[in-house]
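1. I need the structure of the sequence given here:
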Amino acid sequence: MDSGGVAPQLSEEATHHLQQGIVMLLSQWSALQMAVHNEWGGRQSSQLADQLALDIFSWFTHSREPLYIDDLENILDEAMLSLNTMTEDGSIEEVAEKLMTMHEECLEGNYQSIEKLREAGSRPAVHHIRQMEICQRERKLVKENGRENVARRWQQVTKQSWTALPGKESPKVTG
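-> Okay, here's the model as predicted:
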């Protein structure tokens, strides 16, 4: 999914909505939020996540070249690596796809995907409770096994937890 040419300009209203949408989508990306919450990128993890939102917004609004999803995936991947997080669950591709769709809709003056994010953010989400349980399990694993053995076990724990949720077919978090 790409624009196929030089990026068209967004209206002022669309720019505002896109900026909000980027922030909302990133705030709902489990892998990113887990990395920030656990400070896997150090004490500046929150600032790195904020910078990611700014970088994505800038990429959409200031790029003079065609916008390609592969470039956006690289931005997301580099940001996650800066947080010492490797995501192998397909979430980078999923987030990139949603961001590209959001941008294309904003170009058309359609803010439907952003409204869906807003609605999803206002509902209490059971998966956030599950994430807290996963964090507690991770801390216990680190205490019992040390950091070096946790990565393998972490994947097993997240797969079990996420696949146990209704409507979830695959894990959404790997750290």
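2. CA only for contacts and neighbour counts going forward, please
-> OK.
3. and Trp59, that's in a helix?
-> Yes - counting by DSSP: H, G, I helix; E, B strand; the rest coil, Trp59 is found in a helix.
4. so what's it scoring on pLDDT?
-> Note on Trp59: pLDDT of 96.
5. now do Gly175
-> 45.
6. Pro124 now?
-> Taking Pro124 on its own, its pLDDT is 48.
7. cool, and Thr101?
-> pLDDT, read off for Thr101, is 96.
8. how many residues are close by it?
-> 15 (other CA atoms under 10 Å).
9. list the contacts of it.
-> Residues in contact with Thr101 (CA atoms under 8 Å, 6 or more residues apart in numbering) are Ser113.
10. then Met102?
-> Met102 neighbours (CA under 8 Å, 6+ apart): Leu18, Gly21, Tyr111, Ser113, Ile114.
11. from these, which land in helices?
-> Leu18, Gly21, Ser113, Ile114 (DSSP state H).
12. my read: the second one touches Lys116, true?
-> By that I understand Gly21. No - using CA atoms under 8 Å, Gly21 is not in contact with Lys116, being 9.7 Å away.
13. out of those two, which sits in the busier spot?
-> Gly21 (26 against 12).
14. contacts made by stretch 13-24 with the rest, please.
-> Taking CA under 8 Å, 6+ apart as the rule, stretch 13-24 contacts 53, 56-57, 61, 99, 102-103, 106-107, 109, 111, 114, 117-118, 121.
15. what's the first helix or strand after the host helix or strand of Glu78?
-> Assigned by DSSP states H and E, Glu78 falls within helix 69-82. Using DSSP H and E, the helix or strand that directly follows helix 69-82 along the chain is helix 91-107.
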